[in-house]
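> please find the sequence and the predicted model below.
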Amino acid sequence: MTGSDPVVELRDLTKKYGQLAAVDGVNLTVHRGEVFGFLGPNGAGKTTTLRMLLGLIRPTSGDAAVLGVRPGDPDALRRIGSLIEGPGFYPYLTGRTNLRTMARYAGVPASNVGPALEAVGLADRAGDKFGTYSLGMKQRLGVAAALLKDPELVILDEPTNGLDPQGMRDMRELIVDLGRQGRTVILSSHLMGEVQQICERVAVIDRGRIVREGTVEQLRGDTELELVATPSDVAVATLRALSFVDDVRTEAGCLLVKVGTRHTAEITRALVHAGVAVTGVRRTERELEDVFFDLTTHEDKELSHV
Ligand SMILES: Nc1ncnc2c1ncn2[C@@H]1O[C@H](COP(=O)(O)OP(=O)(O)OP(=O)(O)O)[C@@H](O)[C@H]1O
């Protein structure tokens with residue numbers, strides 16, 4: 001399903017609020033048919049990026065193309081469904097009437113309401129007042145509203161926020177279904193574990209910048225190598241000299257090297273070449289949550305991206 005047909009293309013996209021670069025030179029491509037995870041901690045710039053995609057706010061600089069045209073293009077907007085700021089539903093109207101009202105405003109046929117309710121699993125409760133819905137049901141009605149236009153591209157900003165585990169699970173299944181239906185989905189979240197279960201590819205944004213992009217496997221590929229090597233001082237110096245080695249630590253007589261798996265052979269070769277005896281090599285897979293944490297945790301000694 002995933003092809004090279006780009007649905008979203010961002011080039012050096014930047015949004016400044018005064019001195020603060022909320023989004024800072026973001027380059028990103030989302031392909032047709034993918035369920036793409038946009039990950040980042042609170043305040044990282046996810047919502048600002050998504051709002052630019054929808055033409056709700058203007059970038060300070062850079063380019064964005066969505067469905068081949070500039071954000072906010074009315075023809076493209078007809079093919080995009082989004083849940084960004086929770087839609088304003090009327091508590092005293094039923095789920096179905098709320099959607100019918102929205103459909104009328106959006107110029108969408110009322111016949112789209114039934115399938116949207118079905119898609120989110122709310123058909124049975126569509127006759128109940130919105131005010132009586134659980135938070136999970138409210139969120140699902142929000143997604144149903146995003147589906148009213150039968151969109152090619154669905155943009156969901158933190159759709160599981162505030163949901164209990166069952167609600168989160170329902171939402172995850174719903175998003176996977178959207179992907180199966182051939183829609184392109186962009187899902188923003190600050191929960192790595194969640195995105196990892198749903199998305200093929202993810203980008204991690206932190207302080208306005210994309211700090212990592214790739215498949216879940218590629219991100220996981222940031223493993224640690226555990227080496228037993230002597231003399232260890234030569235080993236450490238050799239490893240530190242390698243451009244692709246980020247970090248070398250010593251723990252209980254072992255050297256721990258944070259590095260992409262593809263470099264394992266190169267590392268052992270360099271060590272042997274330096275006259276180091278390597279008597280043990282072990283790879284430790286890191287939890288994706290840890291990878292995310294490493295990428296987005298920083299001591300705030302350095303100046304932020306202002
Ligand atoms: N209208 C605005 N005026 C000034 N600053 C803003 C505005 N909108 C966003 N920001 C700032 O830009 C930064 C990025 O915010 P944004 O809402 O895009 O982050 P986010 O990743 O969506 O975070 P969250 O998960 O908390 O929603 C934050 O520092 C925020 O305070």
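On my side now, so go ahead. Residues are numbered from 1 along each chain as shown.
> when you work out contacts or count neighbours from here on, use the C-alpha atoms and nothing else.
Fine.
> next, give phi and psi for residue 88.
When read as degrees, to the nearest 10, the backbone of residue 88 gives phi -80, psi 100.
> distance of it from the ligand?
In this view, residue 88 and the ligand are 18 Å apart by C-alpha to the nearest ligand atom, to the nearest Å.
> how many neighbours does that residue have?
9 (other C-alpha atoms under 10 Å).
> contacting residues for the residue in the stretch 101-250 of the chain positioned nearest to the ligand?
Residue of the stretch 101-250 of the chain nearest the ligand, by C-alpha to the nearest ligand atom: residue 190 (6.4 Å). Contacts for residue 190 (C-alpha atoms under 8 Å, 6 or more residues apart in numbering) come out as 39-42, 158.
> residue 295 against residue 209, yeah?
No. Counting by C-alpha atoms under 8 Å, residue 295 sits too far from residue 209 to count as a contact (11.2 Å).
> more crowded one of these two?
More crowded of residue 295 and residue 209, by other C-alpha under 10 Å: residue 209, with 23 against 15.
> grab the nearest non-local neighbour of that one.
residue 24 (5.3 Å; C-alpha to C-alpha, 6 or more residues apart in numbering).
> so which elements touch the helix or strand where residue 139 lies?
Residue 139 belongs to helix 135-147 when assigned by DSSP states H and E. On a contact count with 3 or more C-alpha pairs under 8 Å, 6 or more residues apart in numbering; DSSP states H and E, helix 135-147 meets strand 80-83, helix 95-106, helix 113-119, strand 153-157, helix 165-180.
> which of the ones you listed is buried the deepest?
Mean neighbour count (mean count of other C-alpha atoms under 10 Å) peaks for strand 153-157 among the helices and strands packed on helix 135-147, with a mean of 25.
> residue 22 and residue 70, how far apart?
In this view, residue 22 and residue 70 are 20 Å apart by C-alpha to C-alpha, to the nearest Å.
> and the two? Which one has more around it.
residue 22 (24 against 17).
> what strand or helix carries that one?
Residue 22 belongs to strand 20-31, assigned by DSSP H and E.
> strand partners of the helix or strand following that strand, parallel vs antiparallel please.
Sequence order places strand 35-39 as the next helix or strand after strand 20-31, per DSSP H and E. If you go by DSSP bridges, strand 35-39 pairs up with strand 184-189 (parallel), strand 201-206 (parallel).
> what is the distance between the last one and the centre of its chain?
What that stands for is strand 201-206. 5 Å (C-alpha atoms, centre = their mean, to the nearest Å).
> is it up against the ligand anywhere?
No. If you take C-alpha under 6 Å from any ligand atom as the test, strand 201-206 misses the ligand, and the best it gets is 7.7 Å.
> name the residues that touch that strand?
Strand 201-206 is touched from outside by 34-41, 44-46, 195, 210-216, 292, 295-296, with contacts defined as C-alpha under 8 Å, 6+ apart.
> circling back to that earlier point, now the helix holding residue 139 and helix 95-106, what's the angle there?
On the basis of axes from the mean of the first three to the mean of the last three C-alpha atoms, to 10 degrees, helix 135-147 is oriented at 30 degrees to helix 95-106.
> and helix 135-147, which residues are buried?
135-147 (16 or more other C-alpha atoms under 10 Å).
> with respect to residue 111, which of the strands paired with strand 35-39 lies nearest?
strand 184-189 (22.7 Å; C-alpha to C-alpha).
> now the host helix or strand of residue 226 - C-alpha only, PDB.
Here residue 226 sits within strand 222-230, counting by DSSP H and E. Taking Å, rounded to 0.1, in the frame of the first residue of the first chain, the C-alpha atoms of strand 222-230 are listed here in PDB:
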ATOM      1  CA  ASP A 222      19.900   2.200  18.000                       C
ATOM      2  CA  THR A 223      21.200  -0.600  20.200                       C
ATOM      3  CA  GLU A 224      24.000  -0.800  22.700                       C
ATOM      4  CA  LEU A 225      27.000  -3.000  22.100                       C
ATOM      5  CA  GLU A 226      28.500  -4.600  25.100                       C
ATOM      6  CA  LEU A 227      32.200  -5.300  24.500                       C
ATOM      7  CA  VAL A 228      34.800  -7.000  26.600                       C
ATOM      8  CA  ALA A 229      38.100  -5.600  25.200                       C
ATOM      9  CA  THR A 230      41.600  -5.200  26.500                       C
END
